[in-house]
Each structure stands twice: as structure tokens, then as C-alpha cells.
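Participant: Curious how this folds, go ahead:
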Amino acid sequence: MEEEIQIIEYKNVDLSNSVLIEAFPTVGLVSSIAGHFLVEQLKLEEIGTISSRYFMPAAVIHNGVPSPPVRIYAGKKICGSTGECNQIVVIISEFMPSVDIIKPVANMILTWAQKKKCSHIVTLEGTHSLNPKKPKTYGVATTQKMNDILKKYTIEETKEGMITGITGVLLFEGARLKQDVLCLLAEAHSSYPDSRAAALLVETLDKMLPEIKIDTQPLYKEAEDIEQKIRSFIKQAQPTAPSSVPHPSQMYG
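Facilitator: Just a heads-up that it's a prediction; the model follows:
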């Protein structure tokens, strides 16, 4: 099946040492919301797509421009006075592929990240909120290098649990292959799109990428509009692919 999945690059962009962010939908749709926010605020350029005949046959329309259901965006390298540089790549989608194609898609992402010499992969996830009044962000790491990042930014490590979908495969394959993958999980409401939880993820990324300035205030202010936009995408997809977006309980248990 993997031969029926391909990454199509519209242009050849130098992504060496960049951070690859994976944002497929999850609990509270926090990954999709955070991904959309990063793309818009940082004015990232659409540089490619992941294509497969098994994907939902749909186009996502944004600002009058049709795009495929899985898009790849990238920004330019930004360097600070210390000589340290940051660059991010975002793979984003509003739907989760069917169960039988999730592993091939995740494997394709891992292979592409190595080919493009990305420094590591960060996956964005939501987890069911234990304390709605004081939601937290947690992390899961596949290597010691990624564990060191968790400690450096005082992100509490998740010790027990289960993560399914694209992120789940990226984590266990990353651990098996000793490839650097870091999962950030924000506590979120599972019954509706939670942009406040998405803001927690973006704030954590902002700390991890000091040369890229990300202002999360618009995400809090525009929470309702962003949630409505994502909800609209999901709702419009239902008539053609009612099973494309699983219930949040299938994403994290």
C-alpha cells in the first residue's frame, strides 16, 4: 500500500535542521487548530502534499484557493544573534486517514523527514482533560535527545497511556528506529473544538523555537472564529466521507 502514497513537493526547499510538525486531527481538534494558526500567523508557504487514492476525495478551500486534504507548509530559516537558526515545516489535515492506511502514512512521514534532514518531528495531540480549569501540556519522547528537550522546557513526561492514529505510529516507530520524535499533548475538551488547549501547544512550541516569535494572544482572542472554521471543514466533509474523522475517544484513551 505504501507505493500508493506519495509526497509531492511543489518546489525543492532546504529543510535541513528544521522542526517537522505533524497536525492531524485529535481530541478537541487541537492539532488542526494549532496547525492552522501556525500557518496563518507565520505566513507559511504551501510547498507540497501527501497524496493517496485512499484519502478523502475533497478539496479544502481557504481564501478562495483549493488545496488537497493533506498539505505541507514551510517557512524560511530565521536566525538570531547567537547564530542559532529555527525553521518549521507543518504537515496538516482536517481528517484522519482510515485505519488501514495510518501506518503507511506515518512511515512515509518518517522517511521524508530523514530525507529532508529535519532535526526532529513534533506531533501535536489532545488528551482528555483531567482538570478543565487548569489544563496542562505533557510530552512523550522517543529518544534521550527528545527527553532532554522535555526536561529543558519543564514539560511533564507522560508515564502511562495510549496514543493512537498517526502520532501513535510515529512514536513507536520513532522509538524502534531511534528517530527523534516528540509528542506534545494538551489537555482538551473532547466534545468540541478547543482552541484554548491548542494555544497551550503553540505556547510550548514558542519556547522550543526561540528564534521564531509566535504570539498566541490572537489564538485566544479569535478562539470562537477558529473553532467555527475547523468545525465547518469537518461538517462539510461528512456527506462524502462520514467515517473519515473518528470520534475523539478513538484518538486517545
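
Participant: For the stretch 51-200 of the chain, which segments count as strands?
Facilitator: All strands of the stretch 51-200 of the chain, identified by DSSP state E, counting those that start in this stretch, fall at 60-62, 65-67, 70-74, 78-79, 85-86, 88-93, 120-128, 137-141, 156-157, 181-188.

Participant: pLDDT of stretch 173-192, averaged?
Facilitator: Mean pLDDT, computed over stretch 173-192, is 89.

Participant: where among the strands of the stretch 51-200 of the chain is the average confidence lowest?
Facilitator: Set side by side, these differ in mean pLDDT, and strand 60-62 is lowest with a mean of 82.

Participant: Can you name every helix or strand that it contacts?
Facilitator: Using 3 or more CB pairs under 8 Å, 6 or more residues apart in numbering; DSSP states H and E as the contact definition, the elements that strand 60-62 packs against are strand 65-67. Heads up, the C-betas are built off the backbone N, CA and C, glycines and all.

Participant: Contact partners for the nearest residue to Leu177 once chain neighbours are set aside?
Facilitator: Nearest in space to Leu177, with sequence neighbours left out and distances taken as CB to CB, 6 or more residues apart in numbering, is Leu110 at 7.1 Å. Contact analysis of Leu110 by CB atoms under 8 Å, 6 or more residues apart in numbering lists 121, 170, 173-174, 177, 179, 181.

Participant: gap between stretch 209-226 and the chain center?
Facilitator: In terms of CA atoms, centre = their mean, to the nearest Å, the gap separating the centre of stretch 209-226 from the centre of its chain is 15 Å.

Participant: Which residues does that stretch contact?
Facilitator: Under the criterion CB under 8 Å, 6+ apart, residues 19, 33, 36-38, 41-42, 75, 78-80, 84-86, 88, 193, 195-196, 198-199, 202-203, 205-206 lie in contact with stretch 209-226.

Participant: Out of those, which sit inside helices?
Facilitator: 33, 36-38, 41, 195-196, 198-199, 202-203, 205-206 (DSSP state H).

Participant: Same list, these, but as CSV with pLDDT please.
Facilitator: Rendered in CSV, the data for these read as follows (pLDDT from 0 to 100):
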residue, pLDDT
Ile33, 87
His36, 89
Phe37, 90
Leu38, 93
Gln41, 89
Ser195, 79
Arg196, 82
Ala198, 87
Ala199, 88
Val202, 92
Glu203, 92
Leu205, 93
Asp206, 92
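
Participant: which of the residues you listed lies closest to Val65?
Facilitator: If you rank the ones in helices among the contacts of stretch 209-226 by distance to Val65 using CB to CB, His36 comes first, at 14.3 Å.

Participant: My guess is the closest one contacts Lys229. True?
Facilitator: Yes: between His36 and Lys229 there is a contact at 7.4 Å, judged by CB atoms under 8 Å.

Participant: more neighbours, these two?
Facilitator: For His36 against Lys229, the residue with the higher neighbour count under other CB atoms under 10 Å is His36, and the figures read 23 against 17.

Participant: quick one on the thing from earlier: okay if I get the strands of the stretch 51-200 of the chain as JSON lines plus mean neighbour count and distance to Thr26?
Facilitator: Shown next, in JSON lines, are those (neighbours: other CB atoms under 10 Å; distance: least, CB to CB, whole Å):
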{"stretch": "strand 60-62", "mean neighbour count": "15", "distance to Thr26": "18"}
{"stretch": "strand 65-67", "mean neighbour count": "11", "distance to Thr26": "21"}
{"stretch": "strand 70-74", "mean neighbour count": "23", "distance to Thr26": "15"}
{"stretch": "strand 78-79", "mean neighbour count": "14", "distance to Thr26": "28"}
{"stretch": "strand 85-86", "mean neighbour count": "17", "distance to Thr26": "24"}
{"stretch": "strand 88-93", "mean neighbour count": "25", "distance to Thr26": "11"}
{"stretch": "strand 120-128", "mean neighbour count": "26", "distance to Thr26": "5"}
{"stretch": "strand 137-141", "mean neighbour count": "21", "distance to Thr26": "13"}
{"stretch": "strand 156-157", "mean neighbour count": "11", "distance to Thr26": "19"}
{"stretch": "strand 181-188", "mean neighbour count": "27", "distance to Thr26": "8"}
